[in-house]
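J.: structure for the following, please:
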Amino acid sequence: MTKEEIKNSVEYKSSMFDAKYALAVFGIISFLGLLVALAVAMANGDLGLEAFKVSLIAWAIVEAFFVLAFGSVLLYILNKAHGFLKNYEKYKPYEATLDNPSTSYAFRASAVYYTVAIDLGTTSKEVKAEPCFSSSMFTKFDIKDFNNKKVLGLYDEKKERFYIIRVI
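T.: Now for the predicted structure:
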């Protein structure tokens, strides 16, 4: 597999969608927070520079907490995507059928992951894929497009994870 195939994979695209989504939510919250800070400064009746300074300082302090919260989530997502792109050659390719969905409340409420059976030659092993699917707007991939489909994926033995590349 090539890096280009990995960048076009379900796993990588899902991570990049999540990163963009987190960044958009952060931007909206930041902008609305700034509008509230400015509205409070103007509602104070004193349109002087001092009222705006105080409001902007308060907004900046609150914003620092949001940067820490959203920044850590964003770094986690980007680190996961970068790690997959960096280490994909170490994983073994397998074909599997996405026929055992489960809801993941730990990652994005109502996201769905699959448990797939991979044939290791003499034995079969069930491993979990990442929660990349849903029927809501919070995920890139709709579960209807993948349910009961055969896919090509990569198996990470250390993490015991199955990364979905594409539908076959």
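J.: now do the strands in the chain.
T.: With strands called from DSSP state E, the chain shows them at 92-97, 101-104, 111-119, 124-129, 133-134, 141-142, 150-156, 161-167.
J.: so which of those strands gets nearest residue 84?
T.: Residue 84 lies closest, by Cβ to Cβ, to one member of the strands of the chain: strand 161-167, at 6.3 Å. For glycine as for every other residue, the C-beta is placed from the backbone atoms N, C-alpha and C.
J.: tell me the mean pLDDT for the closest one?
T.: Averaging pLDDT along strand 161-167 gives 95.
J.: in this structure, which spans are helices?
T.: All helices of the chain, identified by DSSP state H, fall at 3-7, 10-43, 49-87.
J.: got the angle for the longest one vs helix 10-43?
T.: Between the axis of helix 49-87 and that of helix 10-43 there is an angle of 180 degrees, by axes from the mean of the first three to the mean of the last three Cα atoms, to 10 degrees.
J.: okay, now the unreliable bits of this structure?
T.: Along the chain, segments meeting pLDDT under 70 span 44-47, 105-110.
J.: identify the residue spatially nearest to the most centrally placed residue in it, adjacent ones excluded.
T.: Geometric centre of the chain, nearest residue: residue 18, 3.1 Å, by Cα atoms, centre = their mean. In space, residue 18 comes closest to residue 77 once its chain neighbours are excluded; the distance is 5.0 Å by Cβ to Cβ, 6 or more residues apart in numbering.
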